[in-house]
Structures are given as structure tokens and as C-alpha cells.
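Novice: Sharing a sequence plus its predicted fold:
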Amino acid sequence: MLETERHRIILSAVQERPVVTVSDLCALTGASEATVRRDIGQLHVAKKLRRVRGGAEAISPPQFVGINARPFAVNQTYHIAEKRSIAQAAVDLCEDGDAIIVNGGTTTFQMVHPLTTKRLQVFTNSFPIAEHLLKHSKNTVLVPAGAIYREQNIILSPFDEDGSNHFYARRMFMGCRGLGPLGLMEGDPLLVQAEQKLIDQADELVVLADSSKFNQRSSLLLCPLSRIHTVITDDRIEDRAAQMLEAAEVRLIVAQATADRKKRAQEE
């Protein structure tokens, strides 16, 4: 990643939350601790942020505090081919006339392109998903009440009454921070609160998770494996992860590698 790109991500992160640690910035940029500390020093000298012990903060902290989730623009750059194939497999489960819930995320966002050929009722808390479907499809689109979190492009409300309890769906499609023996994990309490409300409105929960998510963990448990009906992942899933889902009687759909990834592998 170029220095200018790292600086842009670092400045975005410090505007999103009060203090960002060096380790957080390493995860966001993929850079070493030494590189991130040097970047913080340069931005501190340029008076674009304030260096603090163990991290950085905004010179003018935002009044509207963000959530503990990687920015949408950053997440979009990871596992792109896998996300596309997983999203296509998810849309293949849908039939015209279905009512579905699509939770915000970069994997679920990839559903928008195949969804343009469908006619569904789609309830989503994702601003970019709603915008795309309104412009490029004949799906009926509904969104909850709440505030738009710009970095994640998601609509969230701290209140119980956001309109979601009036929508019934055959299936809910969502991504996750991590997936393990205890269940589905997320990284922020507000996300957990919002997603639990949506899960309650659907008969089936379908999780879209690329194979890397089986090795990631978070301190917040969203729901147990027993609540998940189907997991869609890519063909790099490890045997132990597949066995974990089988033992929990979770349906597993493995999306085959897309042409994009096959081409990239041949070039390498």
C-alpha cells in the first residue's frame, strides 16, 4: 500500500472514533508497527492528527462517534473474487416474490449485481445496497430508521423502534466478523443490537463468510451456530471448519472460484 493511501486510511480512522491504536492501524493498512508509527509522526507534524501514547486521535474529535468496524472502502479490497462468487450463490437461493433482509457489508454488497435480475422485497440497512437497487433494479427496497454511519455505509439506530419489526422475511443474508464453534461474532455492541433485531424477523439466517472468517474471532457473540440455517463460503474452507458446521447441522454451500480468481492464479 502506498504511503498516501495509508495516510488516507489513518486519517479516516481517527475521525471515526476518539482514539485509534497502532495495532488497529496496522490491521487496517497491513503495514508494520514501525511504518504506522512513522506515518503517525508525519501526520502529527503536518497537524492532521495528534499523536498519543500507543496511537493517534483527531485534532478535532468527531461529535458523532463511529462504531468498531473496518471502513467499507477498506473491506471492499479484501477477497474480492471470493465475495463475488459467494454473493452469486446467495442470490441463487432467491425466487421472484421473496421477501429478504440483506444486512450491510462488503460481501452482501456484491449481491446487488445479480439481484438486478430479480423482483423481490428487500429490507436492508446498507445505504449503498439500497441506492444501487433503487437505481438499477425493479426490487422493492425498504430501509430502517436511523443514522447513516459514513465509514461503514450502514444505517443503525440505538432505539428499538426503527421499523424493522414490521417486516417479515423468508431469509436474512449477512456477513460477520468471525465464525467459530460458539457461533457468529461481531465487533461492536450497536451492530449486535441492530443485527439481533433483524435476525428475529427472518425464518432462515444465511451467513456469507469467506474462508478467512473461520480463523477470526471477536469478543461479542451475535448468535449461536444453532440459529444459522446456511453458511455460504468459498472453496478454500478448511476441513475442520466444514466439520464444525456439519456437527452443528448447518447447511454448507461452497461457492466455486470465480473466473477472476482463476485468472489471477494462472498469472501468478
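Specialist: Now that the structure is in, tell me what you want to look at.

Novice: Tell me the spacing between the residue of the chain positioned farthest from its centre and Arg38.
Specialist: Most distant residue from the mean C-alpha position of the chain: Val45, 33.6 Å away (CA atoms, centre = their mean). Distance, Val45 to Arg38, using CB to CB, to the nearest Å: 11 Å. Glycine gets a C-beta too; all of them are placed from N, C-alpha and C.

Novice: try Ala247
Specialist: Taking CB to CB, one finds Ala247 at 47 Å from Arg38.

Novice: between those two, which one's more packed in?
Specialist: Arg38 (14 against 10; other CB atoms under 10 Å).

Novice: any idea which element the more buried one lies in?
Specialist: helix 33-45 (DSSP states H and E).

Novice: next one: Cys176
Specialist: Cys176 belongs to no helix or strand, assigned by DSSP H and E.

Novice: What is the neighbour count of it?
Specialist: When neighbours are counted by other CB under 10 Å, Cys176 comes out with 24.

Novice: Do a quick rundown of the helices in this structure.
Specialist: Under the criterion DSSP state H, helices of the chain are mapped to 3-16, 22-29, 33-45, 72-75, 80-91, 106-109, 112-115, 127-136, 189-199, 239-247, 259-267.

Novice: wait, Val91 sits on Met111?
Specialist: Yes. Contact criterion CB atoms under 8 Å: Val91 and Met111 qualify, at 5.4 Å.

Novice: Least confident secondary structure element in this protein?
Specialist: helix 259-267 (a mean of 48; mean pLDDT, DSSP states H and E).

Novice: could you give the mean pLDDT of the helix holding Arg38?
Specialist: Across helix 33-45, pLDDT averages out at 94.

Novice: What residues sit buried inside it?
Specialist: Thr35, Val36, Arg37, Asp39, Ile40, Gln42, Leu43 (16 or more other CB atoms under 10 Å).
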